[in-house]
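# A predicted structure for the sequence below; I have some questions about it.
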Amino acid sequence: MKEIELNSLTLEETKDIMLSLGEKAYRGEQLFSSFNRNKELDIEEINILPQKLRKMLIEKGKVRKINILKKFSSNIDDTRKYLFLLEDGNIIESVLMVYPHGNSICISTQVGCRMGCEFCASTKEGRIRNLTTSEMLNQIYLIEKDLDENIDNIVLMGSGEPLDNYENTLKFLNIIHEPKGHNTSYRNITLSTCGIVPKIYDLANENLPITLSISLHSPFDSEREKMMPIAKTYNIEKLLKASKYYEEITNRRVTFEYTLIEGVNDRCEDINELGKLLKDINSHVNLIPLNPIKEYNRERPELSSVEKFKNKLEKRHIKATVRKEKGTDISASCGQLRRDYIERSQ
């Protein structure tokens with residue numbers, strides 16, 4: 001038990017730990033709720049547990065913590081960006097966005113990313129390591145404590161590829177949904193992936209009613225491969241087959257993320273091909289004007305061109321929206337703020 005990370009355990013795993021220590025299972029519920037409902041990470045302060053048990057847990061287990069390193073508030077809207085310092089000195093980031101329907105948080109699932117998408121700042125140094133389940137959970141809990149407000153919607157779309165950290169991500173979903181913990185509805189959770197096809201099938205078979213958001217970015221394999229190395233392994237045909245399977249198993253509409261890049265994927269032929277590809281999938285296209293980074297200095301289309309692209313898709317009976325940009329004055333796109341902070345600190 002020495003290396004077990006207590007605040008990364010599911011409810012059932014926490015009960016099992018208590019039974020292994022000769023305690024009743026309900027003590028596991030108490031510890032689990034202390035971590036995930038009360039957001040208490042200091043076992044000494046969990047007074048509902050007997051002092052002898054607290055001492056035993058401290059001796060035999062580990063509670064992993066993260067700390068808020070820095071926070072930034074947008075002057076444009078209510079967006080807030082958080083940098084977190086991990087125990088090993090690595091830095092991750094989260095974004096809080098305020099909408100009329102509630103607070104949404106975009107969390108990281110890895111330190112860095114190895115997927116190599118051309119226009120993403122998160123991936124430029126590669127993947128350093130996976131986040132543990134508790135490091136994902138505590139991004140939410142620390143921001144809630146900082147704001148003294150609840151988070152209503154969770155998006156796994158920060159730094160990292162969630163399906164490349166599959167087991168920890170699955171445990172995160174289990175724990176954040178558990179009624180004796182945070183009790184977040186699966187329908188309020190979105191998982192974004194660049195398209196690791198085998199893991200999309202695995203996730204579908206879990207039959208969790210979360211929203212799956214897939215990075216498409218081009219309807220042509222030749223163009224998509226230039227932007228996303230994963231496309232060389234899983235072409236669009238394989239990706240859409242997996243998407244269709246996910247939709248049929250979970251009965252959930254699939255979202256396709258589509259970053260619009262001037263002169264690259266915003267042409268009439270792109271619209272026509274998207275219409276053909278998506279006509280038989282219950283899906284929605286989320287159009288994102290490119291946010292240029294120095295390593296990918298392409299141009300973003302004018303907003304009027306983005307709206308025209310959207311309207312032409314809708315004429316082909318493809319549902320589409322344009323993502324509203326938030327927190328542009330605090331580098332709110334994935335990975336930007338972390339990279340900027342690290343570069344300035346060196």
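Thanks, I have the structure now. Residues are numbered from 1 along each chain as shown.

# give the buried residues for the top strand by length along the chain.
In the chain, with assignment by DSSP state E, the single longest strand is strand 91-99. Neighbour-count burial for strand 91-99, counted by 16 or more other CB atoms under 10 Å, picks out 91, 92, 93, 94, 95, 96, 97, 98. To be clear about C-beta, it is placed using only N, CA and C from the backbone, and glycine gets the same treatment.

# residue 84 versus the first one, what's the distance?
Distance, residue 91 to residue 84, using CB to CB, to the nearest Å: 7 Å.

# between those two, what contacts are shared?
residue 69 (CB atoms under 8 Å, 6 or more residues apart in numbering).

# gap between the residue located most distally from the centre of the chain and residue 226?
Largest separation from the mean C-alpha position in the chain: residue 52, at 38.1 Å (CA atoms, centre = their mean). Per CB to CB, residue 52 is found 61 Å from residue 226.

# please enumerate the strands of the stretch 51-200 of the chain.
67-73, 80-85, 91-99, 102-107, 110-112, 127-130, 153-156, 189-193 (DSSP state E, counting those that start in this stretch).

# looking at those strands, which is closest to residue 199?
Closest to residue 199 of the strands of the stretch 51-200 of the chain is strand 189-193 (CB to CB; 7.4 Å).

# need the residues that contact the closest one.
Residues from elsewhere that reach strand 189-193 (CB under 8 Å, 6+ apart): 153-157, 161-163, 169, 173, 176-177, 199-200, 203, 210-215, 255, 257.

# filter the residues you listed to the buried ones?
By neighbour count, with 16+ other CB under 10 Å, those hold 153-157, 161-163, 169, 173, 176-177, 199-200, 203, 210-215, 255, 257 as buried.

# pull out the buried positions in stretch 140-153.
Result for stretch 140-153 [16+ other CB under 10 Å]: buried residues 140, 141, 142, 143, 144, 151, 153.

# could I get those as CSV with distance to residue 16 and pLDDT?
CSV is the format used below for those (distance: CB to CB, whole Å; pLDDT from 0 to 100):
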residue, distance to residue 16, pLDDT
140, 25, 98
141, 23, 98
142, 27, 98
143, 30, 98
144, 28, 97
151, 28, 96
153, 31, 97
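
# which among the residues you listed gets closest to residue 27?
residue 141 (21.2 Å).

# tell me who's in contact with the closest one.
Neighbouring residues of residue 141 by CB under 8 Å, 6+ apart: 36, 39, 182.

# how does the chain divide into domains?
Annotated domains of the chain cover 6-60, 67-345 [automatic domain parsing].
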